[in-house]
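Peer 1: Sequence and predicted structure below; questions after.
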Amino acid sequence: MHPLIEQARETIGLGWMAAVMTILFMVAYFGWIWYAYNPAHKQMWDEAAMLPFEEGIDL
Amino acid sequence: MSAATAAPGRIVVDYDDDIVRKFFLATVIWGVVGMLVGVIIALQLAWWPANLGLPWTTFGRLRPLHTNAVIFAFAGNICFTGIYHSMQRLLKTRMWSDTLSKIHFWGWQLIIVSAAITYPLGITQSREYAELIWPIDVAVTLIWVVFAINFFGTLAIRKVKHIYVAIWFYMSFVITIAVLHIVNNLAMPATFLRSYPIYSGMTDALVQWWYGHNAVGFFLTTPFLGLMYYYLPKAADRPIYSYRLSIIHFWGLIFLYIWAGPHHLLYSGLPDWAQTLGMVFSIMLLAPSWGGMLNGLLTLKGAWHKLRTDPILKFMVVGVTFYGMSTFEGPMMSIRSVNGLAHFTNWVVGHVHSGALGWNGMLTFAVLYWLLPRLWNREVAYPKMVTQHFWLATIGIVIYTVAMWAAGLMEGLQWRAVNDAGQLANPIFIDIVHRLEPFYWLRLLGGTLYFLGAVMMLINVFKTIRGPERVAAAAPATAPAS
């Protein structure tokens, strides 16, 4: 077989990896959104947003 | 906070502000130098005898000097200024090592000086935004490692459990720039001044633009968003509009940016699927980019009246708005058909400068003016001049970008125009170049206004530093923004 066709066949053969990666990253990202918007964490984020105003004292 | 209002149990930290002042002054000085070189090369494009007929002052040698000075010296030093100032406060601890901070500062300035010497001499490895020759590349790596050790060392000794979102943005800067710099500069040295990249052909181009676009993403975007997430709430005196949005758009940016590079190689020898991949990721980038822009602007909800009197907020709002505009324009330009018109025209130059002057420059000025009275405990010498700087810069950017848009569209359309016989309507390239001249003069005008604003800031800064110290009652952190 022509080496280029052989190469293309191998590339397509690795397509399952791209599919698995896409699914993994999407699950991770949607999981992160779910975690961020979980009402149980609202107070934690509200406190975090105030961090710039709670600095230590300059000596 | 003044000591008088300190609540019991509040952590008292002896912050290292000396290093912040050093990086602050370096930002101001290199900013003026880098913009001056920009004005000179803008003049050369409009009026070529300005290259003086000397090899050292030709456009080809001064252009990398301009880009490197404004990106790595001006923008780089403000990132370090903001990081050393805000991370100590957000983590309630002094930097892990003052010695490493100092090595970082002097090492970085030395690298900038070596760039300013080698480029006019024509000593370059000819990779865009990575023109430094290999011995200087090694120095950059070493200094960056010093910075990273200090950065993560400080994180390790932090007194606060939660790592505020700005620090996550800084972290992406520290890690990604290290990876980009090393991978793109892998080369085999031949002599002390010359080396050969380990990549060739299309692979070389792809690695270069993976680096090039992520320099935009991780040198000019994420650390600046980190600055926005600390200094905008401080200047507006209210917390960020949505903390949840900030941490979600952070990961969106991180994941998408790294794949966008191939949009620089549309219609090239790069495999079609890779071009399309780069285009699709670039379009998706609109969402996390605008997440940051909206989060910044909405933070001012209910505080818009402050804009009337506070020039620092003026700078910030225009900066964030330009961020929104250029991150809308970018994805549009990465679409194949739009890119076919825009590529190699002055539209690209306009796009870059709406991001650089509008977003990076304006946010930098805001952070500098906010820090100035606090770092030196002095009133700003010429408060009205801050507002004048704001208007000069804003008008300058508008003239610059509009001129370049018009020039770019004209060029793109004339290059592709065909007559009824199917022949090129403008077969002589130099004819189109001549038609660009008025736009080049306009660009010079816009750039000069922007540069003059920066000079006013330089004068204001040095006059302020030499002024009398504030009386003890008004401690730095609670002092009103001037």
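Peer 2: Received the coordinates, thanks. Numbering: from 1, shown residues only, chains lettered A, B, ... in the order given.

Peer 1: Can you list the strands that the lowest-mean-pLDDT helix or strand in chain B pairs with?
Peer 2: One helix or strand of chain B scores below all others by mean pLDDT, DSSP states H and E: strand B:12-13, with a mean of 82. Strand B:12-13 pairs in its sheet with strand A:57-58 (parallel), by DSSP bridges.

Peer 1: Tell me, how many residues neighbour the residue of the stretch 51-200 of chain B found nearest chain A?
Peer 2: Per C-beta to the nearest C-beta, B:Arg89 is where the stretch 51-200 of chain B lies closest to chain A, at 4.0 Å. C-betas here are computed from N, CA, C, even on glycine. Residues within reach of B:Arg89, counting by other C-beta atoms under 10 Å in any protein chain shown, total 21.

Peer 1: Kindly report the same for B:Ser200.
Peer 2: Neighbours around B:Ser200, by other C-beta under 10 Å: 9.

Peer 1: again, but for A:Met17
Peer 2: Using other C-beta under 10 Å: A:Met17 sits among 9 other residues.

Peer 1: measure the most centrally placed residue in chain A to B:Arg378 for me?
Peer 2: Note on chain A: the residue nearest the mean C-alpha position is A:Tyr29, at 4.2 Å, using C-alpha atoms, centre = their mean. Distance of A:Tyr29 to B:Arg378, computed by C-beta to C-beta, to the nearest Å: 47 Å.

Peer 1: What are the boundaries of the helices in chain A?
Peer 2: With helices called from DSSP state H, chain A shows them at A:3-13, A:15-37, A:42-49.

Peer 1: Not counting its neighbours along the chain, what's nearest residue 35?
Peer 2: In the absence of a named chain, this looks at chain A. In this structure, A:Tyr35 finds its nearest non-sequential neighbour in A:His41, 6.9 Å apart by C-beta to C-beta, 6 or more residues apart in numbering or on different chains.

Peer 1: Please refer instead to chain B.
Peer 2: Nearest non-adjacent residue to B:Met35, counting by C-beta to C-beta, 6+ apart: B:Phe451, 4.5 Å away.

Peer 1: Can you say which helix or strand has the nearest residue to the residue nearest to the centre of chain A once chain neighbours are set aside in it?
Peer 2: The shortest distance from A:Tyr29 to any non-neighbouring residue, by C-beta to C-beta, 6+ apart, is to B:Trp251 (6.6 Å). Using DSSP states H and E, B:Trp251 maps to helix B:243-257.

Peer 1: which strands and helices sit next to that helix?
Peer 2: helix A:15-37, helix A:42-49, helix B:165-184, helix B:201-219, helix B:222-236, helix B:286-298 (3 or more C-beta pairs under 8 Å, 6 or more residues apart in numbering or on different chains; DSSP states H and E).

Peer 1: at 10 Å what do you get?
Peer 2: Applying 3 or more C-beta pairs under 10 Å, 6 or more residues apart in numbering or on different chains; DSSP states H and E, one finds that helix B:243-257 makes contact with helix A:15-37, helix A:42-49, helix B:165-184, helix B:201-219, helix B:222-236, helix B:272-284, helix B:286-298.

Peer 1: Show the pLDDT at B:Leu277.
Peer 2: With respect to pLDDT, B:Leu277 has a value of 92.

Peer 1: same thing with B:Pro288?
Peer 2: For B:Pro288, the predicted pLDDT is 97.

Peer 1: For it, which non-adjacent residue is spatially closest?
Peer 2: In space, B:Pro288 is closest to B:Gly252, 3.3 Å off (C-beta to C-beta, 6+ apart).

Peer 1: pretty sure that neighbour is touching B:Gly291, no?
Peer 2: Yes. Between B:Gly252 and B:Gly291 a contact is recorded at 6.8 Å, counting by C-beta atoms under 10 Å.

Peer 1: re earlier: now find how far off-centre the least confident helix or strand of chain B is within its chain.
Peer 2: Distance of strand B:12-13 from its chain centroid, counting by C-alpha atoms, centre = their mean, to the nearest Å, is 32 Å.

Peer 1: what helices or strands is whichever helix or strand comes after it leaning on?
Peer 2: Once strand B:12-13 ends, the next helix or strand along the chain (criterion: DSSP H and E) is helix B:18-46. Packing contacts for helix B:18-46, counted by 3+ C-beta pairs under 10 Å, 6+ apart, involve helix B:59-68, helix B:76-90, helix B:98-118, helix B:346-353, helix B:362-376, helix B:437-466.

Peer 1: Same list (those helices) but as TSV, adding distance to B:Ala215 and mean pLDDT.
Peer 2: Converted to TSV, these look like this (distance: least, C-beta to C-beta, whole Å; pLDDT from 0 to 100):
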stretch	distance to B:Ala215	mean pLDDT
helix B:59-68	10	98
helix B:76-90	11	97
helix B:98-118	15	98
helix B:346-353	12	97
helix B:362-376	17	98
helix B:437-466	21	98
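
Peer 1: would JSON lines of those helices with distance to B:His305 be doable?
Peer 2: Below are the helices and strands packed on helix B:18-46 laid out as JSON lines (distance: least, C-beta to C-beta, whole Å):
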{"stretch": "helix B:59-68", "distance to B:His305": "39"}
{"stretch": "helix B:76-90", "distance to B:His305": "26"}
{"stretch": "helix B:98-118", "distance to B:His305": "39"}
{"stretch": "helix B:346-353", "distance to B:His305": "31"}
{"stretch": "helix B:362-376", "distance to B:His305": "18"}
{"stretch": "helix B:437-466", "distance to B:His305": "25"}
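
Peer 1: Out of those, flag the one nearest B:Gly302.
Peer 2: Taking C-beta to C-beta, helix B:362-376 is the member of those nearest to B:Gly302, at 19.7 Å.

Peer 1: That closest one and chain A in contact?
Peer 2: Yes. With C-beta under 10 Å from any C-beta of the partner chain as the criterion, chain A is reached by helix B:362-376 at B:Arg374.

Peer 1: Off-centre distance for that helix?
Peer 2: Here helix B:362-376 is found 16 Å from its chain centre; the criterion is C-alpha atoms, centre = their mean.

Peer 1: what packs against the helix or strand just after that helix?
Peer 2: Going down the chain from helix B:362-376, the next helix or strand is helix B:383-416, by DSSP H and E. Using 3+ C-beta pairs under 10 Å, 6+ apart, the elements in contact with helix B:383-416 are helix B:311-333, helix B:336-342, helix B:346-353, helix B:362-376, helix B:429-435, helix B:437-466.

Peer 1: residues of helix B:383-416 that come out buried?
Peer 2: Buried residues in helix B:383-416, counting neighbours by 16 or more other C-beta atoms under 10 Å in any protein chain shown, are found at B:385-386, B:389-390, B:392-394, B:396-397, B:399-412, B:414.

Peer 1: For B:Ala187, grab phi and psi.
Peer 2: phi -150, psi 160 (degrees, to the nearest 10).

Peer 1: For it, give me its contacts.
Peer 2: Going by C-beta atoms under 10 Å, 6 or more residues apart in numbering or on different chains, B:Ala187 touches B:125, B:127, B:133-134, B:137, B:194-199.

Peer 1: What's opposite it in the beta bridge?
Peer 2: Beta-bridge pairing for B:Ala187 (DSSP bridges): B:Pro197.

Peer 1: roughly how far apart are it and B:Arg244?
Peer 2: The value you get for B:Ala187 to B:Arg244, if C-beta to C-beta is used, is 44 Å.

Peer 1: And A:Ala36, by the same measure?
Peer 2: From A:Ala36 to B:Arg244 the distance is 5 Å (C-beta to C-beta).

Peer 1: So between those two, which is more surrounded?
Peer 2: B:Arg244 (21 against 18).

Peer 1: Who are the contact partners of the more buried one?
Peer 2: Per C-beta under 10 Å, 6+ apart, neighbours of B:Arg244: A:33, A:35-38, A:41-42, A:45-46, A:48-49, B:165, B:295.

Peer 1: And the furthest pair within these?
Peer 2: Distance extremes for the contacts of B:Arg244: the farthest pair is A:Asn38 and B:Asn295 at 19.3 Å, using C-beta to C-beta.

Peer 1: What does the pLDDT read for the nearest residue to B:Phe59 once chain neighbours are set aside?
Peer 2: Nearest residue to B:Phe59, sequence neighbours excluded (C-beta to C-beta, 6+ apart): B:Gln44, at 5.1 Å. We have a pLDDT of 98 for B:Gln44.
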